[in-house]
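J.: sharing a model that was predicted from the sequence below.
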Amino acid sequence: MQGLEISEKFFEEYGRPMLEAEFPDVLPLLAAGLMGSGSECFGFDDEVSRDHDFEPGFCLFIPSEDKLDRRTAFLLERAYQKLPMEYMELRRSLVSPVGGSRHGVIAINDFLEEKLGTSNADLDVIQWLTIPEQSLLEATNGKIFFDNSGSITEAREKLRFFPEDVFLKKLASSLLLMAQSGQYNYRRCISHGETGAAQLALFDFCESASHVIFLLNGRYMPYYKWRFRAMRSLPKFSEEADLLEYLITTGNGGDSVSDKEAVIDTIVSDVIDCLMDRSLTDAICQDLEKHAYSVNDRIRDGELRNMHILAAI
């Protein structure tokens, strides 16, 4: 059983009964779930994951102090700490009286501040461009078990994915980097005999291609150690994961160069086909750079459109 399911079972067996028995008056203000940092919040946990920061806990989200006083928050935290310390052969860690960063009582505003640098989920364009995608993912992953106030659900919905213009800017930026590293620089580095630089070009190509793939799936790109696993579960382009992994795990000698060039061309062609099918580009060619600028031209916000095409990187 994975961590998210363990967390929900722990909440339903012990957390919910505790709240209903001891805090019926404040239940309308509360929410509970598991989200944030940790592989279990993404559904990626396994036996290896249990060597650190893995426990049967949940997040109990509370509103700001103007809606819930400090004493009640403290009593909630103390009640949470009194829940069974062991569950399904897993042991909970101690939580500070002022709350833990992953489990326990957490103010919604504090959670958003930690992930986004702001307690408000209504982000402006610059925030959308600059907040790391992993942070946006941690603010929207996992599962909410109940949300009587609706506050955390509302925030998660606002942060679900980029606004259309920001999506286009990020897509254009990564398409251009794909073109530079994969369609241009890899071949030139090989021609110069710079096999190490060629491999760096492939790393950049795979990073940018991965970003494009997640964007076209309407998903935030996760932290690198979960990226390939997450990619293999995407509705579109899941098969590209093996191709990208091949590019960065093999050498650049002999026939492998021509094989890698063919793989790059395949990935580029698949991406261009998707761009054209979704009417995200007006270019008709295999030059990814031209498609990048065409995507950028579709941005409606003039100020954002006129920013440097790599402004979203």
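T.: Here it is on my side, so go on.
J.: with adjacent residues omitted, what lies nearest to M231?
T.: Excluding the flanking residues, the one nearest M231 by C-beta to C-beta, 6 or more residues apart in numbering is A241, at 4.3 Å. In short, each C-beta sits where N, CA and C put it, glycine included.
J.: the one you found and L27, how far apart?
T.: To L27, A241 is 43 Å away according to C-beta to C-beta, to the nearest Å.
J.: and the two? which has more neighbours close in?
T.: A241 (19 against 13; other C-beta atoms under 10 Å).
J.: tell me which helix or strand comes right after the host helix or strand of F61.
T.: Per DSSP states H and E, F61 falls inside strand 59-62. Where DSSP H and E defines the elements, the next helix or strand beyond strand 59-62 is helix 70-81.
J.: show me what that following helix is packed up against.
T.: Contacts defined by 3 or more C-beta pairs under 8 Å, 6 or more residues apart in numbering; DSSP states H and E place helix 70-81 against helix 16-22, strand 59-62, strand 104-107.
J.: which other helices and strands does the second one contact?
T.: By that I understand strand 59-62. strand 31-34, helix 70-81, strand 104-107, helix 108-116.
J.: can you list contacts of the first one?
T.: Right, the one you point to is strand 31-34. 3-4, 7-8, 11, 15-16, 19, 40-41, 57-61, 103, 108, 142-149, 151-153 (C-beta atoms under 8 Å, 6 or more residues apart in numbering).
J.: can I get the buried part of these as one PyMOL selection?
T.: If you want just the buried ones from the contacts of strand 31-34 in PyMOL, going by 16 or more other C-beta atoms under 10 Å, the selection is:
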select buried, resi 3+4+7+8+11+15+19+40+41+57+58+59+60+61+103+108+142+145+146+147+149+151+152
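J.: wait, Y220 touches H211, no?
T.: No. Checked against C-beta atoms under 8 Å, the pair Y220 and H211 is beyond contact range at 9.9 Å.
J.: each with direction, which strands does the worst-scoring helix or strand of the chain on mean pLDDT pair with?
T.: Ranked by mean pLDDT, DSSP states H and E, the weakest helix or strand in the chain is strand 90-91, scoring a mean of 76. Strand 90-91 pairs in its sheet with strand 86-87 (antiparallel), by DSSP bridges.
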